[in-house]
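> A structural model of the following input is requested.
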Amino acid sequence: QVQLVESGGGLVQAGGSLRLSCAASGRTFGIHAMGWFRQAPGKEREFVATITWSGGSGGSTDYVDSVKGRFTISRDNAKNTVYLQMNTLSPEDTAVYYCAAGPSRYVYTDWGQGTQVTVSS
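Here you go, the predicted model:
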């Protein structure tokens, strides 16, 4: 099992930035994808970004259209940590953000508890 701990959420004004972190521990050897999802009040959880890899560093990334050009997902292999840099935030980005990990971008087996991101207008 993999433990995921998110941090970095908070309250920010529209146009501002936040960086979320997700630290993985435990049985991480089988993890080749980590992603960020979000759930706004009254809405279903939606995919935000993913990073996948087969070797020790780097990775292939993908994003939902609504965040392309504003959000960047990256990882630090040495720290088993994935980041989500969020720029030019808007109130529509307000949600609980969840980190997920799994063997591929289509199979996430472990989830974090979530971190709240609130963007004020």
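> not counting residues beside it along the chain, what's closest to the most centrally placed residue in the chain?
The structure's the chain has its C-alpha centroid closest to residue 36; by Cα atoms, centre = their mean the separation is 2.8 Å. Leaving out its chain neighbours, the residue that sits closest to residue 36 by Cβ to Cβ, 6 or more residues apart in numbering is residue 48, at 4.4 Å. The C-beta positions use only the backbone N, C-alpha and C, and glycine is treated the same way.
> please verify my assumption that the one you found contacts residue 85.
No - counting by Cβ atoms under 8 Å, residue 48 does not reach residue 85; the two are 12.0 Å apart.
> of these two, give the one with the bigger neighbour count.
Per other Cβ atoms under 10 Å, whichever of residue 48 and residue 85 has more neighbours is residue 48, with 23 against 15.
> point me to the helix or strand that includes the more buried one.
Using DSSP states H and E, residue 48 sits within strand 46-52.
> how about residues contacting that strand?
Contacts with strand 46-52, where a contact means Cβ atoms under 8 Å, 6 or more residues apart in numbering, come from 32-39, 59-64, 67, 71, 73-75, 82, 84, 97, 104-105.
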